[in-house]
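Participant: I need the structure of the sequence given here:
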Amino acid sequence: MVAGLGFFTDAYDIFAISIASTMIGIASKQDYMLSREEELALKMATLVGTLFGQLIFGWLADRVGRKSMYGIELIIMTISTFGQALSGGTTAVSTIGAVVIWRFIMGTGIGGDYPLSAVIVSESVPINIRGRLMTLVVASQGWGNLAAAVTAMVSVYAFKKELSTRDLSQASTSVDRIWRLIVGLGCVPAVIGIYFRFTIPETPRFTMDIERNLKQAEADINTSMSREETNYSAEVVRRVRVPKPTWNDFIRYFSRRENLRILIGVAYSWFAIDVTFYGINLNAMDFLQPIIFRPTSNNSITVYDTLYNASVTNIVASAGSIPGYYATFLLVDCWGRKPIQCMGFIILAILFIITGAASDQLRAPCGAGNVVNDCVPNAGPAGATIVLYTLINFFQNFGPNTTTFIIPGELFPTRYRSTCHGIAGACGKLGATVALATFYAIRRNYPFPNRFLTARLMILAIFMLTGMGTTLWLPETSQKSLEELSNEDQEGFVQGYGHDDGQDDGHVDEHNDGHINGPDTGHDDGRVDGYNDAHNDRHANRENNNVDEYEMAPRTT
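Facilitator: Model prediction:
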C-alpha cells in the first residue's frame, strides 16, 4: 500500500495535465488556447524531470539506502504540486512558465519513486508472491490515471452553471479555479504516504549486502515475519564483508557480456513500450474525442461541453487499461514475466498493424467539426476505434508496461539493483519524450496530421517488434531468488558473520574479481563465512516456510 500510494500519485500528476493544459490555456492566454509548443512543454517537463529523477534517486538508493531516500521523493512531489496550483504570472515569468518549472521539479520526485518502490518491494517480500505484489504497485498507476479523469469530470460538473456559456472570457475565472483544484488534489495521497515511507525498515538485502550488518538484516526479517519486536545487542553485531558498490566494480560487473546484454535488454524494452504508452495516453483526447463526441454544430458547443467531453474521453481511455494490470496479477507468478512481456509486444504489434491498415475507415467522419481534408466521408463506426484503443491499452498493461517495471527490480546485484532500475526507467522516459516530440513535429509540419495515422501506427508496430526482440535477451525471473538472479557466484560472497570474539576482522581487501576477502584472524572459533555455510539449511527449509530464500547464516552459540 505504501508503494502503491506513490504510484497512484505519480500517474495522477502525470495524466492530470491532459485536461488541465486545455484549462490553463483558457485561463491564462489572451486567445484562450495554448500554442503547440506550450502544450508540449507542459507534458514533457514532467517526463524529462522523471528521467533525471530515476537516475539520481536510483543511484542514491544504492549509496545511502532505500529507507533514507524513500519519502523524500514524495516531499518533492507534494511541494511542487502545491507550487503548480499556486502559480501565477508576473512580468518576468508567465503562469505557464512557472507551471513548467514546477512540473519538472515534480518529475524528479516521480522519477525517484520508480526504482525505490520496485527494489523495496522486490527485496522485502516472499519469492512466491513477489511478482504479484510488484504488479499491484504498477496497477496503482491505472487507478491514478482514472482518478485524474474522474476528478476533472466532477470538478467541471460542479462549475456547470458558470461554464454554460460560449464566451470564454466569462468562464476564464472559473476555469482557472478548476485546473488549480485538479492539480492541487494530486498532493493528497502523497501527503498520506509520507509518514508511512519514513517509518518502514530498511530492506534486509541492503542491510546485509551494502551496510554489511548481517544480524540487523536477520532481525528485520524476523520482525517482518513475526510482527514482533526482535531485540539484539549492538555490541554483538558483526559487520560482514561483501563487495562494495564502486565504479571499478560496476565496470567489472557489466564488462561481462551477459550482464551488459541484460541491462540493454531491460532498458530498450522499457524505451519501446513508453514510446507507445505515453505517445497514445497523453494524446488520448486528440485520438478519441472526435470519435466519441460528434456535435451537430460548432455553434452549440459551450465551455462546459468542451471540458466535460474532454474529461469523459480521458475516463474512457484510462478505464479500459485497468483490467490489463489484473490479468498480469493473475499470471505473473505462474506463467512468468518474460512470456507475458513477449506476448504483449507481439499482440500490440498486430493491433497497430490492423489499426494502421484500417486508419481511413477509423478516422473521424466529416460533419463533426473536422477539417474536410482531415476526415473521411462515411467513416466507420466509432465503436471499432474505441474497441481497438481499449485492446491496445489492455495489452500494454497485460504485457510490457507492467513487466518492464518488475523485471529490472529483480535482476542485478543488490549494490546496483536500484541504479540499474533507474537506468532502465530513464530509457523508458526518453522513449516517452521521443514519442511526444514526434507527435508534435507531425502536427506542426503537416496541416492534416490524421492523414499520416497509418505511418505513425506502423512505426509503433516496429518498436513493439524490436522490444520483443530485446526481451529474448532477458532471463525469466519468476520463482528465483534475487541472489540467483544477480548472476554472481555466491560462494565466498559474504564473510565474517558468527561469534563476536571482540577482534576486528581488519580492513577489506577488494580484489579484481570483485570478491572480498578479509585478513586471516589466525583461529577458528566456529565462525561461519556469511550465509554460504547456511545455504543448504536455508534452502531445505525454504519450501516449508514459503519464504524468499535469503541464504542467511544461523545464530551461533
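
Participant: Just confirm residue 317 contacts residue 385, I think it does.
Facilitator: No. Using Cβ atoms under 8 Å, residue 317 makes no contact with residue 385, being 11.7 Å away. To be clear about C-beta, it is placed using only N, CA and C from the backbone, and glycine gets the same treatment.

Participant: More neighbours: which of these two?
Facilitator: Comparing residue 317 with residue 385 by other Cβ atoms under 10 Å, the one with more neighbours is residue 317, at 28 against 23.

Participant: helix/strand/coil for the more buried one?
Facilitator: Under the three-state scheme (DSSP: H, G, I helix; E, B strand; the rest coil), residue 317 adopts helix.

Participant: buried set for the helix or strand where residue 395 lies?
Facilitator: Using DSSP states H and E, residue 395 sits within helix 382-397. In terms of neighbour count (16 or more other Cβ atoms under 10 Å), helix 382-397 has its buried residues at 382, 385-386, 388-397.

Participant: Out of those, which comes closest to residue 329?
Facilitator: Among these, residue 397 lies closest to residue 329 (Cβ to Cβ), at 10.2 Å.

Participant: Give me the pLDDT value at the nearest residue to the closest one once chain neighbours are set aside.
Facilitator: Closest residue to residue 397 apart from its sequence neighbours, by Cβ to Cβ, 6 or more residues apart in numbering: residue 324 at 3.0 Å. Predicted confidence (pLDDT) at residue 324: the value is 93.

Participant: From residue 283, how far off is residue 324?
Facilitator: 19 Å (Cβ to Cβ, to the nearest Å).

Participant: neighbour count winner among these two?
Facilitator: Neighbour comparison, residue 324 and residue 283: the larger count goes to residue 324, with 24 against 18 (by other Cβ under 10 Å).

Participant: list the contacts for the more buried one?
Facilitator: 142, 393-399, 401-402 (Cβ atoms under 8 Å, 6 or more residues apart in numbering).

Participant: Same check on residue 306?
Facilitator: By Cβ under 8 Å, 6+ apart, the contact set of residue 306 is residue 22.

Participant: To which secondary structure element type does it belong?
Facilitator: Here residue 306 is helix, with the state taken from three-state DSSP.

Participant: quick revisit: what's the distance between the residue nearest to residue 397 and residue 249?
Facilitator: Counting by Cβ to Cβ, the gap from residue 324 to residue 249 is 39 Å.

Participant: same thing with residue 259?
Facilitator: Taken as Cβ to Cβ, the span from residue 259 to residue 249 is 12 Å.

Participant: Where does pLDDT dip in the stretch 1-150 of the chain?
Facilitator: Within the stretch 1-150 of the chain, the stretches with pLDDT under 70 are 89, 91.

Participant: Sketch out the helices for it, chain order is fine.
Facilitator: Secondary structure of the stretch 1-150 of the chain (DSSP state H, counting those that start in this stretch): helices at 2-15, 17-28, 36-64, 66-69, 72-85, 95-122, 130-158.

Participant: confidence score at residue 454?
Facilitator: At residue 454, the model reports a pLDDT of 75.

Participant: how distant is the helix or strand containing it from the center of its chain?
Facilitator: In the assignment (DSSP H and E), residue 454 maps to helix 453-471. Taking Cα atoms, centre = their mean, to the nearest Å, the mean C-alpha location of helix 453-471 is offset from the chain mean by 21 Å.

Participant: Give me the domain ranges for the chain.
Facilitator: 2-200+251-483, 489-557 (automatic domain parsing).

Participant: and the first one, how far apart are its ends?
Facilitator: In this case it means domain 2-200+251-483. This stretch, domain 2-200+251-483, spans 25 Å end to end (Cα to Cα, to the nearest Å).

Participant: which stretch among the helices of the stretch 1-150 of the chain comes nearest residue 166?
Facilitator: Closest to residue 166 of these is helix 17-28 (Cβ to Cβ; 12.3 Å).

Participant: follow-up on the earlier one: can I get the helices of the stretch 1-150 of the chain in a markdown table including mean neighbour count?
Facilitator: Converted to a markdown table, these look like this (neighbours: other Cβ atoms under 10 Å):
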| stretch | mean neighbour count |
| --- | --- |
| helix 2-15 | 26 |
| helix 17-28 | 24 |
| helix 36-64 | 22 |
| helix 66-69 | 21 |
| helix 72-85 | 22 |
| helix 95-122 | 26 |
| helix 130-158 | 23 |
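
Participant: what's the closest of those helices to residue 343?
Facilitator: Proximity to residue 343, assessed across the helices of the stretch 1-150 of the chain by Cβ to Cβ, is greatest for helix 130-158 (15.2 Å).

Participant: Which elements pack onto the closest one?
Facilitator: Judged by 3 or more Cβ pairs under 8 Å, 6 or more residues apart in numbering; DSSP states H and E, helix 130-158 is in contact with helix 2-15, helix 17-28, helix 95-122, helix 168-184, helix 303-319, helix 322-331, helix 382-397, helix 400-406.

Participant: picking up where we left off before, among the buried residues of helix 382-397, show me the least confident.
Facilitator: residue 382 (58).

Participant: residue ranges with poor pLDDT in the stretch 451-557 of the chain?
Facilitator: Scanning the stretch 451-557 of the chain with the threshold set as pLDDT under 70 gives 451-452, 489-557.

Participant: Regarding stretch 249-268, how distant is the last residue from the first?
Facilitator: One end of stretch 249-268 to the other measures 23 Å (Cα to Cα).

Participant: neighbouring contacts of it?
Facilitator: Residues outside stretch 249-268 that contact it (Cβ under 8 Å, 6+ apart) are 243, 404, 407-408, 411-413, 415-416, 420, 423-424, 427-428, 466-467, 470-471, 473-475, 487-488, 510, 512-514.

Participant: Kindly report the same for stretch 173-190.
Facilitator: 5-6, 8-9, 12-13, 16-17, 19-20, 23-24, 26-28, 74, 77-78, 81-82, 84-86, 148, 151-152, 155-156, 159, 162-163, 303, 307.

Participant: Any figure for the gap between residue 136 and residue 143?
Facilitator: Residue 136 is 10 Å from residue 143, where distance means Cβ to Cβ.

Participant: Show me what the longest helix belonging to the chain is packed up against.
Facilitator: Across the chain, the longest stretch assigned as helix under DSSP state H is helix 414-445. Contacting helix 414-445 under the criterion 3+ Cβ pairs under 8 Å, 6+ apart are the following elements: helix 36-64, helix 95-122, helix 204-209, helix 247-254, helix 257-281, helix 400-406, helix 453-471.

Participant: Tell me which other helices or strands the first one touches.
Facilitator: Contact analysis of helix 36-64 by 3+ Cβ pairs under 8 Å, 6+ apart lists helix 2-15, helix 17-28, helix 66-69, helix 95-122, helix 414-445 as its packing neighbours.

Participant: Thanks again, I'm all set now.
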